[in-house]
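> This is a predicted model, with the sequence first.
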Amino acid sequence: MNEVGQDQAAFFSAQVTAEKRKWYQPRLGFHAWLKKFLPEPIILLLYALLVGIIGGFGAVGFRRLIALFKSLFFTDVKGAFAPLGHFDVFLLPVIGLFIVSFMVQYLAPEAKGHGVPEVMAAIAEEGSIIRPRVVVIKAVSSALCIGSGGSVGREGPIVQIGSAFGSSLGAYLGLPERYLRLLVGCGAGAGIAATFNAPIGGVMFATEVILNSFTLQNFTAVVISCVAAAGIGRIFFGNHATLTATVPVSSPHFSYYFIYILVGLLAGLWGFVYIRVLYKIEDWFNAIPWPFWSKAILGGVIVGGIGVAFPQVFGVGYTWVNAAISNHIGLTMMFVLLILKLLVTSVTIGAGGSGGVFSPGLYQGSMLGGVIGLLVVQIFPHSGLNPGMLAAIAMAGVFAGSAHAPVTSIIMLFEMTGDYKIILPIMIVSVLAATVTTTMSKETIYTLKLVRRGLDFYRLRQPDRMKAITVGDALATEHLALDANLTVRQAWKRFAETNAWFAHVRDEKGVVMGSVARAQVLETMNQTDGQDTIKMEELLPKTIHRIDEQATLAEALDKMHTLDVTYLLVVRKQNPIGVIGSSDIIHAYKEE
């Protein structure tokens, strides 16, 4: 990013922060009133129910918005380009990405991309505050991107939309951050539950991927939200599996179970490829020194050009996933679509599009599994395996690998196919794929985006808050500071003017040398019988123990305990910047 771009980004970031602070105001009157009549755990369940209802209707509205834009582009706009003949779809993604790029650039930059990483970032570093406008901008931009042929999914946007609902409700009520975080998870789970008719999958996605916590309070609240949202989704979409194709279940002899192992290993490998290619292409777009709108046009040209020859890559693509499961696509075509879907999805995201990566991952998994299945049938004609079933279970593997979420993958694919008979192979494939991808990449397709931004995501979402807060974060900004050349009597006079129980001691250059306690100064003054020749530096221990500002509070406490000291000298690149005492740690923990 050039200097102008950095300045613009910094300016916009400041605007976003100001807007979030303005939106989040303490309005605990209603919450306090409810607590007079109901226990707080029950109140949280009522909030979760409300988030689930809103999230359910939000999912319904989002899917209908996608259908509206798809009809607009592939009927009306496409009709206007009829003179182009076979190339009538070429400009559809160009127009869609061009409009989307302006929307996210000027209205809500956090609406760009997947959606799920932005929710994770909000939980990790923004106190779970998501701007209300994200609901509208993400819904419109993602529906426009998908409807115009962009190769992205609907789960990322609906997760961000549902999370924004939960965050907005909690922020408006002025709820504490721990409750905001829970309502964000409820919104994410509700969106998944409603749009995929997968209430259990929504619960697992919210707890495993978003919250990374299976506590009873989290689990109960998310269940309430997902049940409410799924119920609303079933009213509008019907109670049937997302994937309409019937999985051709086969029961091979146990000696052929090694094929499931092969599918799991290859799906895990492809999950790694998916992560790397997605971000490599995003890097390539970011490196182009062009205005954002011209990159969107370039991306649209690539997507449209591929779509002219292979329209199967346009949009979410569940029609072709169903075709792969039903054994209606040939080997060569499935291999081609596997490669092209990876490319087109990466280009759509890299060029500034808005949409999820879950559905494209399922698409690629179905094609990968179909290719493996057809080859297996040719090599082992008497195995009893069906290529369509391998296509279905490979979808679970690619998602489990790319998201490092095998539990969510197992449940989601079971609910999306509606067939319990394939649960055993799905479990084998999901666990193996997640193991392979985790071994090759610490980051998931969601967290890599955050790590590349410099966000210490794993530390910030660490459930043990003592491991989540750094020494630098807990370092008090104001402390009584004494010059080393002061006498004990002069130091006591300074102490007497304040309520401080200890003070930093600095040398003539202002560098912190250590710390002395109030009681220590008083005791020394009494022992010297009025003598005031002792300097502050003489009261410091001969060995000053240091700790880096990036160390966690848990590490600081452990070091204090081991060394039997009550404070440590905090350093930044070996330069002292302050002192942290046990009281600072206690205060920081209480604040958190």
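That came in fine, so what should we check first? Residues are numbered from 1 along each chain as shown.
> Sort out which residues of the lengthiest helix in the chain are buried, please.
Scanning the chain for the helix with the most residues, using DSSP state H, yields helix 40-71. For helix 40-71, the neighbour count (16 or more other CB atoms under 10 Å) marks 43-45, 47-60, 62-63, 65-66, 69-70 as buried. Yep, even glycine has a C-beta here, placed from its N, CA and C like the rest.
> Can you list the helices and strands that it packs against?
Applying 3 or more CB pairs under 8 Å, 6 or more residues apart in numbering; DSSP states H and E, we find helix 40-71 packed against helix 29-35, helix 133-147, helix 155-173, helix 177-196, helix 216-237.
> again, only using 10 Å
Helices and strands touching helix 40-71, by 3 or more CB pairs under 10 Å, 6 or more residues apart in numbering; DSSP states H and E, are helix 29-35, helix 133-147, helix 155-173, helix 177-196, helix 199-204, helix 216-237.
> Please work out the angle formed by the directions of the fourth one and helix 216-237.
Helix 177-196 runs at 30 degrees relative to helix 216-237, counting by axes from the mean of the first three to the mean of the last three CA atoms, to 10 degrees.
> Which residue ranges make up the domains of this protein?
3-19+45-237, 254-290+309-460, 467-591 (automatic domain parsing).
> Dump these to TSV, plus distance to Leu243 and mean pLDDT.
Formatted as TSV, the domains of the chain follow (distance: least, CB to CB, whole Å; pLDDT from 0 to 100):
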stretch	distance to Leu243	mean pLDDT
domain 3-19+45-237	10	85
domain 254-290+309-460	5	91
domain 467-591	39	75
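> would you turn those domains into JSON lines with distance to Pro39?
Formatted as JSON lines, the domains of the chain follow (distance: least, CB to CB, whole Å):
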{"stretch": "domain 3-19+45-237", "distance to Pro39": "10"}
{"stretch": "domain 254-290+309-460", "distance to Pro39": "30"}
{"stretch": "domain 467-591", "distance to Pro39": "24"}
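> Out of those, which gets nearest to Ile297?
With CB to CB, the closest approach to Ile297 among the domains of the chain belongs to domain 3-19+45-237: 5.8 Å.
> where's Pro576, which helix or strand?
Using DSSP states H and E, the element containing Pro576 is strand 575-581.
> could you point out which element follows that strand?
According to DSSP H and E, the helix or strand after strand 575-581 is helix 582-591.
> what helices or strands is that next one leaning on?
Applying 3+ CB pairs under 10 Å, 6+ apart, one finds that helix 582-591 contacts helix 465-468, helix 471-474, helix 553-563, strand 567-572, strand 575-581.
> For these, state which one has the densest average packing.
strand 567-572 (a mean of 21; mean count of other CB atoms under 10 Å).
> If you compare the directions of that strand and strand 575-581, what angle comes out?
150 degrees.
> Give the pairing partners of strand 567-572; include direction for each.
strand 546-548 (parallel), strand 575-581 (antiparallel) (DSSP bridges).
> Check what contacts the shortest one and list those residues.
When you say that, I think you mean strand 546-548. Contacts with strand 546-548, where a contact means CB atoms under 10 Å, 6 or more residues apart in numbering, come from 470-472, 555-556, 559-560, 567-574, 576, 580.
> and if we set it to 7 Å?
Val471, Ala556, Lys559, Leu568, Leu569, Val570, Val571 (CB atoms under 7 Å, 6 or more residues apart in numbering).
> Nearest spatial neighbour of Pro311, chain-adjacent residues omitted?
Val89 (6.6 Å; CB to CB, 6 or more residues apart in numbering).
> OK, contacts around that neighbour?
Contacts of Val89 (CB under 7 Å, 6+ apart): Lys78, Gly149, Gly304, Gly307, Val308, Pro311.
> for it, phi and psi?
The phi/psi pair for Val89 (degrees, to the nearest 10) reads phi -100, psi 0.
> heads up, I number from 35, so please use that
Let's use 35 as the start, then, which means that last one is Val123.
> ok, it to Ala116 distance?
According to CB to CB, to the nearest Å, Val123 and Ala116 sit 11 Å apart.
> Please apply the same query to Val539.
Distance of Val539 to Ala116, computed by CB to CB: 82 Å.
> out of those two, which sits in the more crowded spot?
Neighbours were tallied for Val539 and for Ala116 using other CB atoms under 10 Å; the higher tally belongs to Val539 (22 against 8).
> Please, which helix or strand holds that one?
strand 536-540.
> would you put the C-alpha positions of that strand in CSV?
Extracted in CSV, the C-alpha atoms of strand 536-540 (Å, rounded to 0.1, in the frame of the first residue of the first chain):
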residue,chain,number,x,y,z
PHE,A,536,5.4,2.0,45.4
ALA,A,537,7.4,4.2,43.0
HIS,A,538,9.6,3.9,39.9
VAL,A,539,13.2,5.0,40.4
ARG,A,540,14.9,6.7,37.4
